[in-house]
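S.K.: what would the 3D arrangement of this be:
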Amino acid sequence: MAKGFNSRNMRGMGGINMNNMVRQAQKMQADMERMQTELEQKTYSGKAGGGMVEAVVSGKKELTKITINPEAVDPEDVGMLEDLVLLAVNEALRLANEDANSSLGRLTGGLNLGGLGL
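M.R.: Now for the predicted structure:
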């Protein structure tokens, strides 16, 4: 048997209890799945032009609604309206990303698990 390994309590690698590590990993996975489900049910609103344009995205980061105040519609300046829509959508997406990253950070205790796509 390898030095430092005790089959009775599954300790190895410097005294790490493998059973506890597996249980913690399973709990973290279940918590992450629950958190992702909760995030997907949320909505995030971004506004631009003093609230003239509002974009709403889901926690799945899908655009679900755009509201445009009729006063923002100027046929002579369509570019301004396009800019306001982009700003509002990007703000809503930024809020969704911040919430997902914050939630993930609380769950992982600040571990960098980059590339999880949340």
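S.K.: in the chain, where is pLDDT below threshold?
M.R.: 1-15, 110-118 (pLDDT under 70).
S.K.: name the residues of the longest helix seen in the chain that are buried.
M.R.: Counting by DSSP state H, the longest helix found in the chain is helix 78-108. If you call a residue buried by 16 or more other C-beta atoms under 10 Å, then helix 78-108 has these buried ones: 81, 84-85, 87-89, 91-93, 95-96, 99-100, 103-104, 107. No exception for glycine: its C-beta is placed from N, CA and C like everyone else's.
S.K.: farthest pair in those residues?
M.R.: Spatial extent of these (C-beta to C-beta) is set by the pair 81 and 107 at 39.5 Å.
S.K.: now do the buried residues in the helix or strand that contains residue 29.
M.R.: Take DSSP states H and E as the rule and residue 29 turns out to sit in helix 18-40. By 16+ other C-beta under 10 Å, the buried positions in helix 18-40 come out as 32, 35, 36, 39.
S.K.: how close does residue 86 sit to residue 74?
M.R.: Look at residue 86 and residue 74: by C-beta to C-beta, to the nearest Å, they are 16 Å apart.
S.K.: to clarify, my last question referred to residue 28.
M.R.: For residue 28 relative to residue 74 (C-beta to C-beta), the value is 51 Å.
S.K.: same check, this time on residue 57
M.R.: From residue 57 over to residue 74 (counting by C-beta to C-beta), the distance is 25 Å.
S.K.: looks like residue 107 contacts residue 35 (just checking).
M.R.: Yes: the pair residue 107 and residue 35 passes the contact test of C-beta atoms under 8 Å, sitting 5.9 Å apart.
S.K.: pick out the residue nearest the middle of this protein.
M.R.: In the chain, the residue lying closest to the centroid (C-alpha atoms, centre = their mean) is residue 100, at 2.1 Å.
S.K.: that one and residue 60 touch, don't they?
M.R.: No: at 10.4 Å, residue 100 does not count as touching residue 60 under the criterion of C-beta under 8 Å.
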